[in-house]
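> Build me a model:
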Amino acid sequence: MTEQIMVDNPHNSQFIDVINLLTKEYKDNEYMTQRLYNHIVLYLPNTLENEFKNHQKRKIRNNFLTNEQQLFIQVFLSKHKYFYLSNNNLFYEYNGEKYLIIKEDDIIHKLLSTISNDRVLLQWKHKTKINIIKQIKERTLFSSIPESDTIQNVLNVFYPSIFSSKNYAKYFLTIIGDNILKKNSNNIFLVSQKMKQFLNQLDNVALLSIGNNNTIHNFMTKYHENHSYENCRFIKFNEYFSTEVWREILKKIGLDLLCVAAHYSKRYENSDNFIDIYADEELKIYTYYLKNSTPNSIVDDFCNKYIVTTSNTNTNNTLIPYKMEWKNLHFVWKQFIYTSNFINIIYSNTLKNILKTKYSYDDNTDSFLQITSKYLPFYSDFIKFWENTITIHNTTDTNIFEYDIEIDEFTSIFKYWTKLTDETLMTNGNITEENILQILKHFFPSIEIFEDKYVLNVTSSLWDKNNNIYSSFHFINQQININNDTLISFDDAYNYYYKFCNISSLKFIVSKRYFEKYLYYKFSDSIVYDKFIETKWILTTTHT
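This next block holds a predicted model:
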């Protein structure tokens, strides 16, 4: 065995050469010969034996610590779900309920505290720290799988408040996840202007929290003719959901939402795959409406639902074509778009040309012949009402009071007008705020509308709002005399006005906002402490 080792060891010849060299060099020196003997024969075997034993101990110790380190890292990373994104150099923690951005220093502090409690790895504390941070950096945030509680918390935000079903919410999240994970898709998602505002806020959260500025790049509020119907998808949501509430929601669960979205994108492969396999028929039909349509088929759908072919005859039974002006027909088209929860998907010139192939057209009057629509009453009666009762005021004179009528007030005034008028009407006065907004924006584009709520610089002959307020001053003065007040707050003044209107059975009552605006305009010199008025003004002024 020894001979075999001697033969196999590549250093053997060197060992022998060195010993021979030393022996030859000191052969005439008795002292050095003795020293050589002592080192080789007496000391070297024991020294080598001790070094061998120490080496074996170190190997065993290293193997033990290596195993302990691997076990420690496995348990630590299992208990503490840390993740990382290289694009923004941020660390994240998932506690089983929420995702949080966390500092690297906090992770290291937690890690070293745990090692100190463990004590076994104290000698390898620095090495273990480096190893764990390295492994965390290899765990991308979007490799995490959210727990059911996290997913449900996100879905509960969307359904039923924002989307009409949980499936709809999942579809939307899958789209966002596809964008986060940069999945190749030519799809264009057509949304309302209000929804785009929501999406812009989500995009800001994505930029700040995950460094992604591409979250909503394929959401658009307008259709362009260079877009293929094949790639277009519709998405609808609750237009009345508060933007302020949405902003607060994103502050609380914005990161959770993005992580759940990425999870859904992986789970369902992509948004189209979700629709194809998991969506109910209603969602699939609406989402794929453009994908499964052509401009001609959409116009056919519109005509079948909204247009009626008809004709009028005179007393001699002579056929007189019924004319529907293009501007009116275009408005009915907008009604179709609105009620179908679409955005405009056919340019007006294209629409007009398609309709010309279906119906007779009179170029002189810009009208389509022998057609009408059941939706005509919604705007024709309102236009009559507007033209007969509404006055538009000059907006260039800054000294003129800034009149306005609220959209919801128009519904009441219009209903009242339909009861008073002797004209033949096609409606019973029922009209929605949405109808009014659509009519004003289409037929009266120069009218100034603020926040889709206030129509500015207009008055109604059926309701003089300023005179309505002024008529209450005598009653308010009586209340002040009873209480012997020298000052009256805007709130108290409005409460007295409201009481006067009820006692007098007035048909309309102005809003508190308008009431205060009138007081600011009319009695600015008597206003103190922002919203108090010196009572001497009540009957010492004239009405304008």
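
> Can you list the neighbours in contact with the helix or strand hosting Glu282?
According to DSSP states H and E, Glu282 maps onto helix 281-287. For helix 281-287, the surrounding residues in contact (Cβ atoms under 8 Å, 6 or more residues apart in numbering) are 165, 167-168, 171, 233-236, 275-276, 279, 341. Where C-beta positions appear, they are placed from N, C-alpha and C, glycine not excepted.

> For the residue lying closest to Ile383 once chain neighbours are set aside, grab the count of nearby residues.
In space, and not counting its chain neighbours, Ile383 is closest to Phe443: 6.3 Å by Cβ to Cβ, 6 or more residues apart in numbering. The local packing of Phe443 (other Cβ atoms under 10 Å) involves 15 other residues.

> on that earlier part again, what subset of the contacts of helix 281-287 is buried?
167-168, 171, 233-236, 275, 279 (16 or more other Cβ atoms under 10 Å).

> got the buried residues for stretch 493-512?
Buried, per 16+ other Cβ under 10 Å, within stretch 493-512: 493-494, 496-497, 500-501, 509-510.

> Just the ones of those in helices?
The helices, defined by DSSP state H, take in 493-494, 496-497, 500-501 from the buried residues of stretch 493-512.

> Closest one of these to His126?
Closest approach between these and His126, by Cβ to Cβ: Tyr494, at 71.6 Å.

> quick one, what contacts that closest one?
Tyr494 is in contact with 512, 515-516, counting by Cβ under 8 Å, 6+ apart.

> elements contacting the helix or strand Arg267 falls within?
Here Arg267 sits within helix 243-268, counting by DSSP H and E. With contacts defined as 3 or more Cβ pairs under 8 Å, 6 or more residues apart in numbering; DSSP states H and E, the packing partners of helix 243-268 are strand 99-102, helix 148-158, helix 166-180, helix 193-210, helix 271-278.

> do you know which of these lies nearest Ser380?
Per Cβ to Cβ, nearest to Ser380 of those: helix 193-210, 27.4 Å.

> Just give me how far stretch 381-398 sits from the chain centre.
37 Å (Cα atoms, centre = their mean, to the nearest Å).

> Just the C-alpha atoms of it, please, in CSV.
Extracted C-alpha coordinates of stretch 381-398, given in CSV (Å, rounded to 0.1, in the frame of the first residue of the first chain):
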residue,chain,number,x,y,z
ASP,A,381,-89.0,68.2,-27.2
PHE,A,382,-86.0,69.4,-25.2
ILE,A,383,-84.8,71.5,-28.1
LYS,A,384,-88.2,73.2,-28.3
PHE,A,385,-88.1,73.7,-24.5
TRP,A,386,-84.6,75.2,-24.8
GLU,A,387,-85.4,77.5,-27.7
ASN,A,388,-88.7,78.7,-26.0
THR,A,389,-87.5,79.2,-22.4
ILE,A,390,-83.7,79.5,-22.2
THR,A,391,-81.7,82.7,-22.5
ILE,A,392,-78.0,82.7,-23.1
HIS,A,393,-76.1,85.7,-21.5
ASN,A,394,-73.1,87.5,-22.7
THR,A,395,-70.0,86.1,-21.0
THR,A,396,-67.6,89.0,-21.8
ASP,A,397,-69.0,91.5,-19.3
THR,A,398,-67.3,90.7,-16.0
